[in-house]
Every structure is written in structure tokens, then in C-alpha cells.
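Asker: need coordinates for the following:
(2 chains)
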Amino acid sequence: MSSHKYNFLFIFLLLIFSCSENNNDNSSSSDNYNRQALLDNLVSNIIIPAHDNHMQHLNDLQSHINTFISEKTISNLQLVRSSFIDSYLAWQHIEMFNIGYAEEIFYARKMNIYPTNTITIENNIQDQVYDLDNDPYQYSAQGYPAIDYMIYGLDDGDEAILVKYLSDITNETYTNYLNDLIIKMVANSQSVIEYWSSNNSNFTNSTGNTASSSLNMLVNDFVYYYEKGLRANKIGIPAGYWSGLLPQNVEAVYKQDISKALAMEALTACQNFFLGRHFESSDTVGEGLYDYLAYLDDTNYSDSQMFIGLEDDIVDAFDNSMEKLELLNDNFVIQINTDNLKMLEAFDAIQVGVVRLKTNMMSILGISVDYFDADGD
Amino acid sequence: MKNLIRLSMFLSLAMFMFSCDNDDDNNDSVVPTLEIPDTYEFTRNGSSTVSFSGQVTRLSQSDELYGALNDPSDFETLDAMFNGVDGSSAGFSNDDLNGTSKIIGSKTSASTLQGSAVDRQAFNDMITEYTSEVVPNFDLPYDANANVAGVYPGTSYRLNAAGQEIDQLFFKGLIGAFTLDQIINNYLHPNQLDSGDNIVNNDDDVLDGDSNYTKMEHKWDEGFGYLYGHLDEMGMGEDLATAGSSPSGEGNLLMKYFKKVDEADGYQPGVGQVVYDAFIAGRTAIVNKDYAERDAQADIIQVELSKVIGYYAVHYMNDYVAKLSEGNIGGAHHSLSEAWGFLFSLKYTNDGMDEPFMDRNDVDSFLANYMSDFNTMDIGVLTAPASAPDPGMIAIVEEAFASKGHPLN
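Answerer: Just a heads-up that it's a prediction; the model follows:
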């Protein structure tokens, strides 16, 4: 124990005496904060249980799809639908962890690109030739948005949708596609879970501060998700921030009255991650980015006014965003078409969080933003 | 625990080896430090590395848009000029400005720091209001008592029913939401300058594709371009030799008022040279890989350009009061419209610490509560002294700058 302490002292002294010009360099974390405790909590109490929870829901969805395939009735279709919604909500807690094996196999893209490409889907169903694993053009023809289309959007009304599955008795094209979709989702999710369980300790032991250190990647993924996955995809794009109104681009467009619930779940997931709140017991709050910032705040790490109380400003930004989301219609398409200003106000509230997280937090943590702002000329 | 100790030993060793590497032996020859030049001209291998053509395009578009907001234009035309059509610029008589990816609306209230979807919508709403309310009454007399839009008798000011001149609200608002925001909250900010691999690439002189600049150099140039990228009537750009001592004042956006502030009888003579020098020094710092120096120069630009907004918000509020007392009612409406736009623009200022000089919510609630109908203006909300229980907006703006150590002259 004591030699361990001296080691830290040694690092600290080295840092002090290394070139004065260079000590803002991002080659090491110089703040003595226990990054490993943070990583341990995030991985063991949030990332892994959230993936497990999603897996359970996805397994339920698969078993209901199997029931439906063996007996195609409206009531079995309803079972599929209800487990679809549960599973899609559970997904909101893991999309941000686009790291390691998930990143390698483009997991998030395969699970949740929307709007889904119904032309590709219909072509796949007709041709019955497609590669959902390796063909990037197929990313937008699978995952939750594709299932959404297959169980809510194939036709108008439940009976008509059922007919799609019943009418192809001989070659079972729709049935096969639905089955293929869920098989891929389960397989991909399973392999991502295996990555986390087998790499848990490697991941949490990577406590440095370089572009490939665990916390650096995790924080980048988190902020990226908050900015793009939540702010842009769920709100900004359909509400027309970058173009005209695109209500057809809401998440779960074929079951559009869950679009608000999905967005709120995603925001909750972001807030929980930031606070370090345990996935399985929401009363337990472990080490989170909040605590890292509070530690730096307490130790006067930065003398800049900008950073004093930053951790609470971020919590305020989440709270304000949630208030704005709560004002919206459950169905974002209706909200956009009747009173889009409320969508824009929600966007602005979430944007305040982007500034706090991406500009202020990452700067004080000394973590470089590893993705581009694609808006130069 | 053993792992941790080993790791920290390793880290210590690694740090020992890598510390100070840029002080002594970069094995290749030492790169000479670039002296700060007198003008904004930078080269690599004999060719210029400066480029801001996208800004020139947008600023040129803004000239036509300003004209169209003073003509009886229809909605489709103005909407196309501001938002483009299907992601492409459209609606301009100069065809070079059409069919490009450069669209003013997409860069309006678009910075990470201050971008607001609600604000951008406000510009779109103004286009709707102008074309649906003002244009139909383009040559009818304005009637404040009947709340009827029209042209104020004896002037060329077209007012909406609330007595506001929309082209002024729109353009003075754009000065902050478009030009100022893009410069000080976007391109001169590490969010843009350091995004992705920009630092590593700039350190190693890795150029951006086929271009002769690094991405970081280009970002800074784009910020420069939003101030100095206007063309004159002959199509000539800013004279870089005199841009500091006498900025051109071209266009209808930030440069126009920046020049007024800089003039001998302006609010802050000499600011033109201060800002130009900071742009040059910051760009030089990028060439020299000195990012702390770069950011220090950005701070100067952020504060000095923000003050331009402060000066003219106060200027036009005072001007409104003066015109009113002279009985020049049409002129008063015009000045108050300009004041509205400059107040709106205050939301996009930056005190050098990434906070605006005035809080967004304070500005928005003032505009909504006290300036939504110019015919029922209570002058006291502008002129009440700082010592009053409810100080007027003139005193509030002055205090906002003074309290942060950057008082308006």
C-alpha cells in the first residue's frame, strides 16, 4: 500500500517537473482522481446490467416472434408488439456504448438507424438475398426500426398486416424476414455482451488519459450519443433544425406514439450514466462523471470561473431537458405537425447540455473530442 | 494491486521518456518560429494557405437577401434565399450564389455554444410575417391606430402592424445570430479548431485533402472570413493592407458596424487594428503550434466584436428616444427596429469565458414583454437610470459589459 502511494507521488513529482510548456498535454491524467473506481462502477453497475436487461427483453421479443410465426393471429401479433416496445425502451440504455466489439460490428447502426429503408426491406423480402452482417447498405434495413415497420407498418390496420404474413404460405417471405431480423439482433447483442464480460477487467484497468484509454472512449461515446443520438436524431432532425420539417424521421415512426417515451428513456439513461446511478437499483448512486467533476471542483483543479459548479449545471441541464420533453405529445409526429416550437424548445434545452458536456466537461477532464463537427465550409 | 503498481511504474517511466520532447531534440531540424506578419497572409511552399470562399459566398448572398427584404418579395423567394431548396442555395439573381451548399439559414444560430432552434425559427417566422402581412400593404400608409401594416408616410420604412420594420429586426438579428456567432462561438472556439484529429494534424502539418492548409488553419480562416469576406460593388475583397487601419465596412452585417465603431468619431477608434492584429497573431500561433496563444487571441476577438453589438444596441435605443423627442416618428420606428435586432444579437456575444454578456433568457423576456408592440412602448423600460428600482435596458446593457470588466465607451 505504501509503495503504491509513493508511486503516485513519483508520478506527481514527475509531472510537476516535466516541461512547463507541456503540462496541459493529454498524455496522462494528472489529477490523481481514481479513474478505476469510476470505470468499475460504470461497467459493473451500469453497462453490463443494462446490456443484460436488454438481452432479456430481446429474448422475450424473440420468443413472442416465434409464437407468432407458429400461430399467426392478431393476439400473437399484439404480444410481439408489446415485447417490442419493452425491448426498444431497454435499448435506449445501451446505444451510447458504441465501444469495443460493438463498434467493430457497427452494432448501434445495425440496431437503430431510422428512418428505416422500406424499399431495401421490401426488396430483401422479394429477393430473399441479403447480407445483414457485412453490407453497409443493409444497416438501415434491420434492427428496431425494421421490426417497427414489419409489425406496425406493412399495411393499414392489424388485419391487413396479418394478411401479409398469412398470404405467403408457400414461400413465407415476410415471415422469414421477420425471423432473420430478430435472429441477427439477438446474435449481435449476445456477442456484445460476451465482449463486456470477457473484457471487463482490461477495460477498467485502462486508467490513462490517451485517446484509446477507456474513460476517454467512454466519455466521447457518451457525449456523442447525447449530441447526435438523442439531440439530433430524436428531436432536431424531425423538428427540422437542419432542414425542413421531417416528421417521418421520428424514432418508431410506425408506432409513433412511443416516440416521446423512447426519447425520455434515452435522456434518463444519459443522466444515470453521468451520475453513476446503478442500473438495477435506482436508489444507489455510485461513482460517476458527476463525482469526477465534483472532485476537480473541490480540489480547485481549475481556477476558471467557467468550471465552478459545472457538475450541478449539467444536472440542471438534464432536468430542464426532461421538463421540456414532458410538455410534448406522446406522438412526436403530432407534436411536429401541430406545434413544432415546443420541439425546438426541447432541442434548445438539450443543446445546453451539449455545451456543458462537450465544451466544458471534456475540456476540464482533459479529454479530446474524437469526432468531427461536420459543419465547416 | 500489483497490476496497478506495475502500471504506474510503467506510466512513470513512459512519462519520463516522453516529457519535454518538444523542448530539445526533435531529431529533424528545428522548425523556425513564424514572426507575426503585418497582414493576414500566410503561405506554405510558396502558395497561400488562406481560404474562406464559403464565407464570401454567404456574405454575398446576404446582400441580395437584404435587398429582397426591402422589396415586395414573395415567401417562396425569401424562403429559398434564406433556407435554400432541397439543401442547395437558391433564389439569387447572381447565379454564382445558387446551387451551392452555402446557405445562410443553416449557419444562423448554429454554433455549439449558442445555437438555438427557437431563434432560427424566429427568422423563419419573420419571413412569413413580412410576406403575409407587410408585402400585401407595401404601398399603403401605415396606420398605428388601426393596427394596419404599411409604409410610414414620408419614409421608405415598411412596418408591420406592431410598428416594427422587419428587415431591420431580421438583419440586425443576423449580425449576432449569423456573423458574430459563427466567428466567436464557432470557428474561433476549440469545439471547431480542435475537433477530431485537428491538433495532431496541425502539429504534424498534415494538410486537409488536396488543400494547402491544415484543418485548424482553415477553421480560423473561416472565422476571419465572416468578418472580412464581403465583396465591394466591383467584386473586390477586403484590402488586406489596410484592413486593420481602415476596415471596409462593406455589407449589411457585422463588418458594417465594426467599421462605424472603429472610425475616428466612433465609439472605440482603433478597434479595427486590435481585432485585425488578433486575427493575424492567432493564425500565426496556429502555424507555430502554440494553442494557448491562439486561444488568447481568440479571447480578444470574442470580447471586442461582442462590444460592437453592445455599442449599437445602446446607440439605437438612445437614437429612438432622440427621434421620438424630435417628433420624427417614422425614424423612431426605424431606430427601435434596429435596437430590437442588436438586443437580439446580444445573446450571441462571448465574454472570452464562453458566456454571453447578457443572459439569453433575460434578452428574450425583455423583447417579448416590452418590445413586441412598438406602438405601446414605454420609454422608461429603456431609459430608467441604473439607480432606479427597475433600471432601463440602456443601463442594463451598459452594466452587463462593465460588470465583466469590458465597459462600453
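Asker: flag every buried residue along the helix or strand hosting residue B:296.
Answerer: For residue B:296, the element it lies in under DSSP states H and E is helix B:291-326. The neighbour-count check on helix B:291-326 (16 or more other CB atoms under 10 Å in any protein chain shown) flags B:291, B:294-295, B:297-317, B:319-321, B:323-324 as buried. Yep, even glycine has a C-beta here, placed from its N, CA and C like the rest.
Asker: residues touching residue A:67, list them.
Answerer: A:76, A:79, A:80 (CB atoms under 8 Å, 6 or more residues apart in numbering or on different chains).
Asker: centre of the chain to the helix or strand harbouring the last one, how far?
Answerer: Remark: residue A:80 resides in helix A:74-91, with elements defined by DSSP H and E. Distance of helix A:74-91 from its chain centroid, counting by CA atoms, centre = their mean, to the nearest Å, is 20 Å.
Asker: for that helix, buried residues please.
Answerer: Of all the residues in helix A:74-91, those buried under the rule 16+ other CB under 10 Å are A:76-77, A:79-81, A:83-91.
Asker: give me the neighbour count for residue 358.
Answerer: Assuming you mean chain A. When neighbours are defined as other CB atoms under 10 Å in any protein chain shown, residue A:358 has 22 of them.
Asker: was after chain B, sorry
Answerer: Summarising burial for residue B:358: neighbours were counted as other CB under 10 Å, giving 25.
Asker: distance of the closest residue to it other than its chain neighbours relative to chain A?
Answerer: Using CB to CB, 6 or more residues apart in numbering or on different chains and skipping residues adjacent in sequence, the residue nearest residue B:358 is residue B:346, 4.5 Å away. With distances taken as CB to the nearest CB, to the nearest Å, residue B:346 is found 17 Å from chain A.
Asker: residues in contact with residue B:346?
Answerer: If you count contacts by CB under 8 Å, 6+ apart, then residue B:346 has B:176, B:309, B:310, B:313, B:356, B:357, B:358, B:363, B:397, B:400 around it.
Asker: phi, psi of the fifth one?
Answerer: According to degrees, to the nearest 10, the main-chain angles of residue B:356 amount to phi -70, psi 160.
Asker: neighbours around residue B:354, how many?
Answerer: When neighbours are counted by other CB under 10 Å, residue B:354 registers 22.
Asker: and the helices in the stretch 251-377 of chain A?
Answerer: Listed in chain order, the helices of the stretch 251-377 of chain A (DSSP state H, counting those that start in this stretch) span A:259-275, A:289-298, A:310-326, A:332-354, A:362-365.
Asker: which element is the spatially closest residue to residue A:225 that is not a sequence neighbour on?
Answerer: Using CB to CB, 6+ apart and skipping the chain neighbours, the partner closest in space to residue A:225 is residue A:96 (3.6 Å). Counting by DSSP H and E, there is no helix or strand that carries residue A:96.
Asker: and of the helices of the stretch 251-377 of chain A, who's closest to residue A:119?
Answerer: Residue A:119 lies closest to helix A:332-354 among these, at 20.6 Å (CB to CB).
Asker: which one among the contacts of residue B:346 gets closest to residue A:288?
Answerer: Checking these against residue A:288 with CB to CB, the nearest one is residue B:356 at 29.2 Å.
Asker: gap between residue B:391 and chain A?
Answerer: 24 Å.
Asker: with residue B:196 instead?
Answerer: For residue B:196, the distance to chain A equals 4 Å [CB to the nearest CB].
Asker: against residue A:293, how distant is residue A:309?
Answerer: As for residue A:309, its distance to residue A:293 is 9 Å (criterion: CB to CB, to the nearest Å).
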